[in-house]
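# Got a sequence here, can you build the structure:
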Amino acid sequence: MQPTPRAGARASRRESVLASLLLASMWCSSLHCTRPEPCQDPTNEGMCFCPIGVSCHHVCGEATGHCTLGCSQANPSCSVSCTEDCTALCTGAGRCEASCGDHCNVSCDWVKGPCTAAVGSESRVNCQGAADCDVTCNGSCIVACPEGRCRMRCSAGADCEMDCGCKLANEHPLQCPDGTWVCGQRC
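Next comes the predicted model:
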């Protein structure tokens with residue numbers, strides 16, 4: 001039995017649409033396209049769990065108790081903005097940006113590109129193996145930077161600590177003329 005011309009035309013259109021969708025998908029994945037709302041928050045309590053390979057940008061308002069960004073699954077770009085009591089997990093991401101208040105923990109371990117963090121008092125930023133970690137402490141904070149390249153700015157009167165890993169006796173933070181501290185790089 002021979003297909004009718006009308007059935008053949010429908011099959012041809014269907015194949016054309018499928019081929020177009022496949023090409024668009026390949027083009028989009030090569031450009032690291034992002035979905036409009038990629039965060040998955042099953043509890044709706046200020047948590048953003050970014051799917052594999054997608055960029056995520058998360059904002060928590062003052063009414064949110066604890067803000068969490070989970071963006072460590074080969075994600076190209078991650079960012080979070082919150083008031084306080086914030087956790088940003090950007091381990092292994094392409095780039096990361098965190099703007100937080102007091103009591104924050106930011107993980108920029110092994111971030112491949114720039115990691116920029118502005119944190120408040122009693123915060124910690126981990127930058128182990130980070131390519132370019134730039135931290136501004138607007139209060140007391142600790143920056144850990146073993147095997148990484150880091151720069152820390154500390155606000156006046158704040159108690160800031162920078163740990164370069166100190167495997168060797170000469171691996172201590174270096175204070176630059178502009179008042180910043182560095183590990184793994186020159187001023």
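
# Which parts of the protein are helices?
Listed in chain order, the helices found in the chain under DSSP state H are 5-30.

# so where's it shaky on pLDDT?
Along the chain, the parts satisfying pLDDT under 70 run over 1-38, 40-45, 166-170.

# again, only this time at 50
For the chain, applying pLDDT under 50 flags the ranges 3, 10-11, 13-14, 16-36, 42, 169.

# Run a quick check on residue 93 versus residue 80, I expect a contact.
No. Counting by Cβ atoms under 8 Å, residue 93 does not reach residue 80; the two are 11.5 Å apart. For the C-beta atoms, the positions are set from N, CA and C on the backbone; glycine is no exception.

# Show the contacting residues for residue 130.
Applying Cβ atoms under 8 Å, 6 or more residues apart in numbering to residue 130 gives the contacts 108, 109, 110, 111, 115, 145, 148, 149, 150.

# As TSV, these with neighbour count would be great.
Shown next, in TSV, are those (neighbours: other Cβ atoms under 10 Å):
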residue	neighbour count
108	36
109	23
110	19
111	25
115	30
145	30
148	25
149	17
150	28
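
# which one among the residues you listed gets closest to residue 132?
residue 149 (5.7 Å; Cβ to Cβ).

# dump the residue contacts of the closest one.
In this structure, residue 149 makes contact with 130, 131, 132, 133, 183, 184, 185, judged by Cβ under 8 Å, 6+ apart.

# now, which of the contacts of residue 130 lie within strands?
Using DSSP state E, the subset of the contacts of residue 130 located in strands is 115, 150.

# how about a markdown table for the contacts of residue 130, with distance to residue 65 added?
Formatted as a markdown table, these follow (distance: Cβ to Cβ, whole Å):
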| residue | distance to residue 65 |
| --- | --- |
| 108 | 24 |
| 109 | 25 |
| 110 | 29 |
| 111 | 27 |
| 115 | 25 |
| 145 | 30 |
| 148 | 31 |
| 149 | 34 |
| 150 | 30 |
